[in-house]
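Participant: Sequence first, then the predicted structure:
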Amino acid sequence: MGLLSPRTGLFFCLFWYLSMPYCSQATYNVGMSGPWLILVGAAAGVFAGLFGIGGGIIIVPALILLAGFPLVKATGTSLAAILLPVGILGIIAYHKARIIDLRASAFIAAGILSSVVVGAWLANALPVDLMRRFFAVFCFYVSWNFIDPVRRIKRLGGREVAAKPEPEANPRPSAYALIGIGLLAGVMAGMFGIGGGNIIVPMLTLVLHYPAKRAIATSLGAILFPFGLPGVFYYYNAGTLDLGAAAWIALGLFLGTVFGARITIRLPSTTVKFLYGLFLLFVAARFFF
């Protein structure tokens, strides 16, 4: 199967055509051309499709460091770029592969919507540095379980150790449990400005015993509308959103997300868990130091 099916290719051409009026409005400061912004979007899209995250962890630093954007403008532009290509196209790819749990995504999204504001309030009421370190320890714990370094060291020593079997998932987990995961993800997102996938994927795997691929796909479905639409409207009204740069990045995200999702679909579950463990290790280091 190629990267783009005829239907996806047609949608890409339509998306490109509709984006062109906005691409001409880009106001980035350092002359970062459209093709470079497309590459930034493509890299972010691969991460989004692979790990069920939004992609802002790539886009925001790139816009700040390479295009000279202020932090607020970079965040708003990133949200606008992510909304359509990451969420919808990634979900379509996972739905075709019958991996995503849309019911779970909906309940988690409801929890997120209910708690993001609480997280923003807690960010001003609690010692955030301490909370960041707690979150970093949590990410490190999950990454340790996903990477399973003890087994890998034994294998390097010539001892073949069987991988831990994937736990059997509940085919229809409780709505209360799913909403609870969404509530926690929303609070953490409001406190630390993260997309929520860093909480949703570990909780689905550790608490509800979802396979890694299904957890990543379900997370991507859950974070689309709670974070995307309200945030884009806010930044647009505040005048801190560059629609031109967002359109260029979205073109790259379109391709990168489809590619990343298909990589996840085709990779063995153990490899997906290992890669996600490495990603969480990076997140843990970023929040701890």
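Facilitator: Alright, I've got the coordinates.

Participant: On the pLDDT front, check residue 184 for me.
Facilitator: Looking at residue 184, its pLDDT stands at 90.

Participant: Not counting its neighbours along the chain, what's nearest it?
Facilitator: residue 199 (5.8 Å; CB to CB, 6 or more residues apart in numbering). Just so you know, the C-beta spots here come from the backbone N, C-alpha and C atoms, and that holds for glycine as well.

Participant: Kindly report the same for residue 102.
Facilitator: Residue nearest to residue 102 in three dimensions, not counting chain neighbours: residue 221, with 6.0 Å by CB to CB, 6+ apart.

Participant: ok, that neighbour - contacts?
Facilitator: 87, 91, 94, 100-102, 105-106, 109 (CB atoms under 8 Å, 6 or more residues apart in numbering).

Participant: Now whichever helix or strand residue 66 is part of: buried residues?
Facilitator: Element membership for residue 66 (DSSP states H and E) is helix 56-67. Buried positions in helix 56-67, judged by neighbour count with 16 or more other CB atoms under 10 Å: 56-60, 62-63, 67.

Participant: Please produce TSV containing the contacts of residue 221, extended by pLDDT and neighbour count.
Facilitator: As requested, those are exported to TSV (pLDDT from 0 to 100; neighbours: other CB atoms under 10 Å):
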residue	pLDDT	neighbour count
87	65	23
91	82	20
94	84	27
100	92	26
101	93	24
102	92	13
105	94	24
106	94	17
109	92	24
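
Participant: which residues in the stretch 101-250 of the chain form helices?
Facilitator: 102-125, 128-147, 149-156, 175-192, 197-206, 212-238, 243-266 (DSSP state H, counting those that start in this stretch).

Participant: Redo the ones you listed as TSV? Include distance to residue 35.
Facilitator: Formatted as TSV, the helices of the stretch 101-250 of the chain follow (distance: least, CB to CB, whole Å):
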stretch	distance to residue 35
helix 102-125	34
helix 128-147	34
helix 149-156	39
helix 175-192	32
helix 197-206	28
helix 212-238	24
helix 243-266	8
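
Participant: how about low-confidence regions in the stretch 101-250 of the chain?
Facilitator: 120, 123, 128, 152, 154-171, 192-195, 225, 227-231 (pLDDT under 70).

Participant: list the contacts for the nearest residue to residue 55 once chain neighbours are set aside?
Facilitator: Spatial nearest neighbour of residue 55, chain neighbours left out: residue 44 (3.5 Å); criterion: CB to CB, 6+ apart. Counting by CB under 8 Å, 6+ apart, residue 44 touches 55-59, 62, 82, 86, 249, 252-253, 256.

Participant: can we see that at 7 Å?
Facilitator: When contacts are counted by CB atoms under 7 Å, 6 or more residues apart in numbering, residue 44 touches 55, 58-59, 253, 256.

Participant: coming back round to it: roughly how far does the residue nearest to residue 184 sit from residue 53?
Facilitator: 11 Å (CB to CB, to the nearest Å).

Participant: Ignoring the adjacent residues along the chain, who's closest to residue 138?
Facilitator: Once flanking residues are discounted, residue 138 sits nearest to residue 202: 7.5 Å by CB to CB, 6+ apart.

Participant: do the same with residue 215
Facilitator: Nearest in space to residue 215, with sequence neighbours left out and distances taken as CB to CB, 6+ apart, is residue 204 at 3.9 Å.

Participant: The helix holding residue 66 versus helix 243-266: what angle between them?
Facilitator: Inter-element angle recorded for helix 56-67 and helix 243-266: 140 degrees (by axes from the mean of the first three to the mean of the last three CA atoms, to 10 degrees).

Participant: For helix 56-67, name the packing helices and strands.
Facilitator: Helices and strands touching helix 56-67, by 3 or more CB pairs under 7 Å, 6 or more residues apart in numbering; DSSP states H and E, are helix 34-51, helix 71-82.

Participant: Done for today, thanks.
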